[in-house]
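A.B. asks: turn this into a structure:
(one chain, ligands or ions: 1)
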Amino acid sequence: MPFEWTHKHLLGLEYLTAEEITHILDTAESLHEVSMRSIKKVPYLRGKVVVNLFFEPSTRTALSFKLAATRMSADVLDFSKATSSAAKGETLVDTAKNIEAMGIDIVVVRHPVPGAAHRLAEMLDASIVNAGDGAHEHPTQGLLDIFSIRRKLGKIEGLTVAIVGDIAHSRVARSNIWGLTKLGAQVICVGPPTLVPGALRDMGAEISYRLDDVLPECDVVNMLRIQQERQGALNFPSLREYSRLFGLNAERMKKAKPDVIIMHPGPMNRGVEITPDVADGNRSIILEQVTNGLATRMAVFYLVSGGAQDDSAVD
Ligand code: CP
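C.D. replies: So this is what the prediction gives:
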């Protein structure tokens with residue numbers, strides 16, 4: 001029996017079942033080959049309009065959503081806070097409702113306030129895709145990370161995945177934890193106690209304050225950026241001290257499994273959480289993550305826009 005996709009929005013991986021997450025990954029696998037064609041375009045969003053509503057800076061996510069929508073044949077509008085009337089004090093909901101009045105089908109939103117995407121889902125008729133809401137969730141980053149692991153290692157269940165660094169301020173970590181634990185991976189959050197809250201255990205993650213103890217058992221190590229813009233003051237003595245205890249460098253890599261894969265959602269602080277030789281080394285899949293983001297976001301567009309009503313479309 002064909003899988004029935006029932007979600008109009010993608011707000012977070014917390015709200016999806018393991019079966020639904022797997023269906024997104026399988027759909028992304030089907031769409032991945034579109035980017036290998038000479039004509040990189042499919043008609044699934046023809047006649048639909050997507051707006052990228054970004055209230056925070058972005059390189060990877062904004063461009064990847066734009067390219068994904070373009071490859072699906074949608075019309076795409078771009079909004080950035082700095083050049084809009086939001087800079088004159090217009091509220092998020094007023095901005096979104098005015099844009100929706102132009103006839104929008106899908107709103108991709110990144111906003112510094114947790115729950116912003118949920119608010120738009122309540123207020124608008126369009127499908128809402130969360131591109132990062134404060135420190136809450138970044139579901140398409142979680143999906144593309146999990147898709148990248150599955151492509152590289154062939155499975156998720158039974159793997160040990162360390163997420164290292166500033167977990168407290170990381171929406172990427174939260175989406176990864178929800179998604180990976182639902183699919184049967186063991187997730188260990190590693191960092192200084194000030195950046196690894198105990199409440200992560202309630203999400204199914206384990207906690208460690210010593211990267212050197214955890215590294216030998218990991219199949220995947222996902223390094224996170226220190227988000228100084230969300231922290232205010234540093235939550236540890238110095239960046240130098242942080243790098244010494246939690247940075248991934250060639251010396252520390254000797255403790256890891258030889259076939260470990262190294263990930264980072266970007267943007268990287270080279271020389272802080274990861275050294276350039278490791279970031280660019282043969283165990284790194286950091287740029288593959290970016291490539292895989294495209295198919296993952298195409299799959300999300302396909303599903304939230306009702307594409308699964310015609311299952312033959314991505315066979
Ligand atoms: N990984 C990620 O969200 O990167 P951007 O902030 O560049 O979109």
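A.B. asks: which helices and strands does the strand or helix carrying H32 pack with?
C.D. replies: Using DSSP states H and E, H32 sits in helix 18-32. Applying 3 or more Cβ pairs under 8 Å, 6 or more residues apart in numbering; DSSP states H and E, we find helix 18-32 packed against helix 139-153, helix 171-182, helix 286-304. C-beta: built from backbone N, CA, C; applies to glycine.
A.B. asks: contacts only, for V42.
C.D. replies: Each residue near V42 by Cβ atoms under 8 Å, 6 or more residues apart in numbering is listed here: L31, V34, R71, M72, S73.
A.B. asks: roughly how far apart are H7 and G306?
C.D. replies: When distance is defined by Cβ to Cβ, to the nearest Å, H7 is 10 Å away from G306.
A.B. asks: please disregard the earlier target; I meant L92.
C.D. replies: With Cβ to Cβ as the criterion, L92 and G306 are 26 Å apart.
A.B. asks: compare these two (neighbour count), which wins?
C.D. replies: The neighbour count for L92 versus G306, taken as other Cβ atoms under 10 Å, is higher for L92 (18 against 14).
A.B. asks: in this model F79 seems to touch that one, though I could be wrong.
C.D. replies: No. With contact taken as Cβ atoms under 8 Å, L92 and F79 are classed as non-touching, separated by 11.1 Å.
A.B. asks: can you count the residues close to G266?
C.D. replies: The local packing of G266 (other Cβ under 10 Å) involves 16 other residues.
A.B. asks: repeat that for S208.
C.D. replies: Using other Cβ under 10 Å, the number of residues around S208 comes to 16.
A.B. asks: separation between it and F55?
C.D. replies: Using Cβ to Cβ, one obtains 34 Å as the distance from S208 to F55.
A.B. asks: this structure: helices as residue ranges?
C.D. replies: Taking DSSP state H as the test, the helices found in the chain are 18-32, 60-71, 92-100, 116-123, 139-153, 171-182, 211-214, 228-231, 239-246, 250-253, 276-279, 286-304.
A.B. asks: need those in CSV with distance to V221 and mean pLDDT, can you?
C.D. replies: As requested, the helices of the chain are arranged in CSV below (distance: least, Cβ to Cβ, whole Å; pLDDT from 0 to 100):
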stretch, distance to V221, mean pLDDT
helix 18-32, 21, 97
helix 60-71, 20, 98
helix 92-100, 36, 95
helix 116-123, 29, 98
helix 139-153, 11, 98
helix 171-182, 12, 98
helix 211-214, 9, 98
helix 228-231, 22, 64
helix 239-246, 11, 93
helix 250-253, 9, 98
helix 276-279, 10, 98
helix 286-304, 11, 98
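A.B. asks: among the ones you listed, which is nearest V108?
C.D. replies: The minimum distance between V108 and those falls on helix 60-71, with 4.9 Å, by Cβ to Cβ.
A.B. asks: and the residue of the stretch 101-250 of the chain nearest the ligand?
C.D. replies: Among the residues of the stretch 101-250 of the chain, Q141 lies nearest to the ligand; the distance is 5.3 Å by Cβ to the nearest ligand atom.
A.B. asks: what sits closest to that residue if chain neighbours are left out?
C.D. replies: What sits nearest to Q141 in space, not counting adjacent residues and going by Cβ to Cβ, 6 or more residues apart in numbering, is V172, at 4.9 Å.
A.B. asks: contacts only, for that neighbour.
C.D. replies: Contacts were defined as Cβ under 8 Å, 6+ apart; by that measure V172 touches H138, Q141, G142, D145, L224, P265.
A.B. asks: thinking again about what came up before, residues contacting the residue of the stretch 101-250 of the chain closest to the ligand?
C.D. replies: T61, G132, R171, V172, S175, N176, P265, G293.
A.B. asks: ok, now how distant is the fourth one from E137?
C.D. replies: In other words, V172. Separation of V172 from E137 (Cβ to Cβ) stands at 9 Å.
A.B. asks: next one: the fifth one
C.D. replies: Relative to E137, S175 is positioned 5 Å away (Cβ to Cβ).
A.B. asks: for the first one, same thing?
C.D. replies: Relative to E137, T61 is positioned 13 Å away (Cβ to Cβ).
A.B. asks: same question, the third one
C.D. replies: Spatial separation of R171 from E137 under the definition Cβ to Cβ is 5 Å.
A.B. asks: so between those two, which is more surrounded?
C.D. replies: In terms of neighbours (other Cβ under 10 Å), E137 is the more surrounded of R171 and E137; the figures are 29 against 25.
A.B. asks: what's near enough to touch the more buried one?
C.D. replies: For E137, counting by Cβ under 8 Å, 6+ apart, the contacting residues are L11, G12, L13, E14, N130, R171, R174, S175, W178.
A.B. asks: and which of those residues is nearest V187?
C.D. replies: Within the set of the contacts of E137, W178 lies nearest V187; the separation is 9.5 Å, counting by Cβ to Cβ.
A.B. asks: once you drop chain neighbours, what's closest to the closest one?
C.D. replies: By the measure of Cβ to Cβ, 6+ apart, the closest residue to W178 outside its immediate chain neighbours is L13, 4.0 Å from it.
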